[in-house]
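Asker: sequence plus predicted model, see below.
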Amino acid sequence: MGNKKREINAPLIVVSNRLPFVLGKNADGDLVRKQSAGGLVTAVAPVVVECNGTWIGWSGSFDLKPNDPIPESDPEDKAPTAGLKSSQIIPVHLDKSEIEEFYNGCCNGTFWPLFHSMPDRANFVSRDWKTYCKVNDKFADCTLAALRDAIKKLDAAGDYHTAPLVWIHDYQLLTTATKIRQVCEAENLRCKLGFFLHIPFPSWDIMRLLPWDDQILQGMLAYDFTAFHIEDYCLNFIDCCCRRLGCRVDRTNMLVELAGRTIQVKALPIGIPFDRFVQLSEKAPAFLNMSDDVKVILGVDRLDYTKGLVHRILAFEKFLDKYPEHREKVVLLQISVPSRTDVKEYKQLKDETELLIGRINGRFSMPNWSPIRYIYGCLSQEQLAALYRDCAVALVTPLRDGMNLVAKEFVACQIRTPGVLILSPFAGAGGTMHEALLVNPYELDEMANVLHRALRMPLDERELRMTQLRHREQLLDVNYWMTSFFSSMGALGDDAGDGNAD
Ligand code: GDG
């Protein structure tokens with residue numbers, strides 16, 4: 001099993017757009033760390049703590065100035081990042097216009113929609129692209145500083161062979177490795193460069209719409225190892241390298257050759273901190289106060305157009321029309337976490353969703369029942385775990401999604417009478433969670449039918465499906481994913497470099 005602990009055999013430098021915590025001001029006006037509880041942070045932070053590694057990223061605050069110290073964590077802090085000393089953190093300083101052009105503009109206005117195969121939503125603005133490259137070079141400079149430091153320490157200890165491990169994450173940093181590779185070659189710095197993309201990688205037909213596709217592909221080929229959630233994304237990437245850059249490729253072994261270097265590509269589906277969600281759901285008090293004969297259908301998403309919220313709500317309306325026997329017996333509880341609130345499209349989506357819910361509630365509500373309950377906000381993980389545990393159906397219907405962790409967290413928390421997972425095949429999770437009811441989120445009628453089927457599914461069938469879903473997610477949890485990544489890079493103490501993660 002991959003989720004047993006093994007030591008990393010090299011200094012580790014993790015690079016992500018955001019640090020694993022955000023900095024904000026407390027009541028006294030001092031900068032303090034605030035938790036951010038994503039699966040990546042939960043899994044990777046303890047490893048960085050343990051091996052005294054380094055984490056590079058933006059602090060999320062414009063209040064932190066270049067020479068300001070990073071605050072240490074609060075002694076009461078129980079977050080996975082609590083053990084990270086400020087000496088292990090390198091903040092990348094970004095100003096407001098950089099965030100506007102790099103993050104809101106290029107990352108979320110260009111790459112996010114395009115990589116999710118929604119080109120009509122993508123804007124191509126050359127000023128934003130230039131800022132993207134500049135910011136990526138800033139990340140590269142910080143990484144190079146950490147790398148030189150790590151090499152100096154190794155040399156001082158008489159170790160002239162070990163190459164520090166640099167692990168870069170996601171679509172905000174697609175060109176960071178270009179500069180790192182150039183400088184490493186020019187200065188003869190040793191390092192192993194690995195990359196993981198958390199969102200889908202599109203087909204060549206979509207990728208070729210990007211005016212800067214060659215620079216993106218070259219950036220992603222500056223690594224030694226590049227990983228995606230699923231094989232489809234790997235094959236799309238390899239195809240793009242072949243067609244756009246004329247690289248020699250080996251699709252069977254997932255190898256790409258560029259300028260005499262060979263890059264290994266691999267599918268490594270991310271998992272969740274399964275045991276942590278089980279523990280949360282065991283101790284979480286009920287968050288819902290609903291009569292026993294009302295079943296809850298749950299949706300949990302960042303408010304993002306890729307998550308298929310409008311389609312889901314319209315399908316729920318169809319379901320109430322087509323199967324009126326469920327009226328007053330079910331409630332759709334939708335949790336929408338505010339996201340990218342500075343971007344116009346996200347503001348429009350919020351308005352559209354609220355109008356739609358208002359219309360449907362107006363149409364069907366009775367004095368003691370409304371079909372949709374809507375929370376625009378962020379719950380605690382414990383509240384979330386209670387909802388995952390107590391709902392009858394989880395409706396996870398993105399139009400497109402790299403993986404989707406909500407589907408996995410839901411099954412982890414199903415520790416009592418099992419419910420049903422309804423899942424879109426266009427989420428990465430749809431490729432492995434075979435026991436879910438799969439439904440095309442664009443086909444509203446069929447979504448209504450599947451919802452009806454889920455609500456009437458006999459207990460023994462629900463048990464069978466849920467047991468298998470839970471077994472897989474427990475085995476292939478986030479530690480397994482992380483260990484597979486390090487193993488694939490040959491960075492674990494007791495293996496020869498084969499991740500064996502399939
Ligand atoms: C990207 C890719 C890929 C949600 N509501 C609350 C809350 N959440 C947490 C969930 C889950 C996370 O947010 C959402 O993860 P997803 O995977 O669903 O989606 P993205 O944010 O788009 O993530 C995605 C992922 O990266 C990992 O590689 O799976 O495809 O798009 O963990 O629990 N957390 C809290 N309160 C909420 O109200 N505390």
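Answerer: Sure, I can see it. Not measured: the values here are computed from a predicted model. Numbering: from 1, shown residues only.
Asker: for the stretch 51-200 of the chain, what spans make up the strands?
Answerer: Taking DSSP state E, counting those that start in this stretch as the test, the strands found in the stretch 51-200 of the chain are 54-58, 89-92, 165-169, 192-196.
Asker: just name the most buried of those.
Answerer: Greatest average neighbour count among these goes to strand 165-169 (a mean of 26), per mean count of other C-beta atoms under 10 Å. (Glycine included, C-beta is placed from N, CA and C.)
Asker: does the ligand sit close to that one?
Answerer: No: figure legend: strand 165-169 not in contact with the ligand (C-beta under 6 Å from any ligand atom); closest approach 8.8 Å.
Asker: can I get the CA coordinates of that strand in CSV?
Answerer: Output of strand 165-169 as CSV, limited to C-alpha atoms (Å, rounded to 0.1, in the frame of the first residue of the first chain):
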residue,chain,number,x,y,z
LEU,A,165,13.3,18.2,-5.3
VAL,A,166,11.2,21.0,-6.6
TRP,A,167,7.4,20.3,-6.8
ILE,A,168,5.4,23.0,-8.6
HIS,A,169,1.6,23.0,-8.7
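Asker: and the strands of the stretch 51-200 of the chain as a markdown table, adding mean pLDDT and distance to L147?
Answerer: Shown next, in a markdown table, are the strands of the stretch 51-200 of the chain (pLDDT from 0 to 100; distance: least, C-beta to C-beta, whole Å):
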| stretch | mean pLDDT | distance to L147 |
| --- | --- | --- |
| strand 54-58 | 95 | 9 |
| strand 89-92 | 94 | 11 |
| strand 165-169 | 96 | 7 |
| strand 192-196 | 97 | 10 |
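Asker: can you put the ones you listed in TSV and add distance to P20?
Answerer: Formatted as TSV, the strands of the stretch 51-200 of the chain follow (distance: least, C-beta to C-beta, whole Å):
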stretch	distance to P20
strand 54-58	6
strand 89-92	9
strand 165-169	11
strand 192-196	15
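Asker: surely D301 is in a strand?
Answerer: Yes: with the criterion set as DSSP: H, G, I helix; E, B strand; the rest coil, the secondary structure at D301 is a strand.
Asker: now it, nearest residue through space, not along the chain?
Answerer: Nearest residue to D301 in three dimensions, chain neighbours excluded: K307, at 3.9 Å (C-beta to C-beta, 6 or more residues apart in numbering).
Asker: quick one, phi psi at that neighbour?
Answerer: When quoted as degrees, to the nearest 10, the phi and psi of K307 stand at phi -80, psi -10.
Asker: how many residues are close by it?
Answerer: 27 (other C-beta atoms under 10 Å).
Asker: and if you look at T162?
Answerer: 17.
Asker: next, work out how far apart the residue of the stretch 51-200 of the chain found nearest the ligand and N368 are.
Answerer: Nearest residue of the stretch 51-200 of the chain to the ligand, counting by C-beta to the nearest ligand atom: H198, 3.6 Å away. Distance check for H198 against N368: by C-beta to C-beta, to the nearest Å, it reads 43 Å.
Asker: of those two, which one has the most company?
Answerer: Between H198 and N368, counted using other C-beta under 10 Å, the more crowded position is H198 (18 against 7).
Asker: and the helices in the stretch 251-400 of the chain?
Answerer: Ranges of helices in the stretch 251-400 of the chain, per DSSP state H, counting those that start in this stretch, are 274-283, 309-322, 344-364, 381-390.
Asker: quick check: buried residues in the longest one?
Answerer: This points to helix 344-364. The neighbour-count check on helix 344-364 (16 or more other C-beta atoms under 10 Å) flags E345, Y346, L349, K350, T353, L356, I357, I360, F364 as buried.
Asker: how far does that helix sit from its chain's centre?
Answerer: 26 Å (C-alpha atoms, centre = their mean, to the nearest Å).
Asker: what does that helix contact?
Answerer: Residues outside helix 344-364 that contact it (C-beta atoms under 8 Å, 6 or more residues apart in numbering) are 121, 303-305, 309-310, 313-314, 316-317, 320, 327, 334, 336, 338-341, 370-372, 374, 376.
Asker: quick one: average pLDDT of that helix?
Answerer: Across helix 344-364, pLDDT averages out at 96.
Asker: try the second one
Answerer: Per-residue pLDDT values across helix 309-322 average out to 98.
Asker: and what of the first one?
Answerer: Averaging pLDDT along helix 274-283 gives 95.
Asker: show me what counts as buried in that helix.
Answerer: Those would be F274, R276, F277, V278, L280, S281, for helix 274-283 by 16+ other C-beta under 10 Å.
Asker: near the ligand, which residues of the protein? Just list them.
Answerer: 37-39, 198-199, 270, 300, 302, 335, 337, 378-381, 384, 401-406, 409.
Asker: now do the phi/psi pair for D239.
Answerer: phi -60, psi -40.
Asker: quick one: it and Y233, what's the gap?
Answerer: Distance from D239 to Y233, by C-beta to C-beta: 11 Å.
Asker: neighbour count for those two, which is higher?
Answerer: Ranked by neighbour count (other C-beta under 10 Å), D239 and Y233 place Y233 first, with 22 against 17.
Asker: these two touch, right, that one and L197?
Answerer: Yes: under the criterion of C-beta atoms under 8 Å, Y233 is in contact with L197, at a separation of 7.0 Å.
Asker: which among the buried residues of helix 344-364 gets closest to P11?
Answerer: Y346 (38.5 Å; C-beta to C-beta).
Asker: give me the distance between the closest one and the ligand.
Answerer: Distance of Y346 to the ligand, computed by C-beta to the nearest ligand atom, to the nearest Å: 13 Å.
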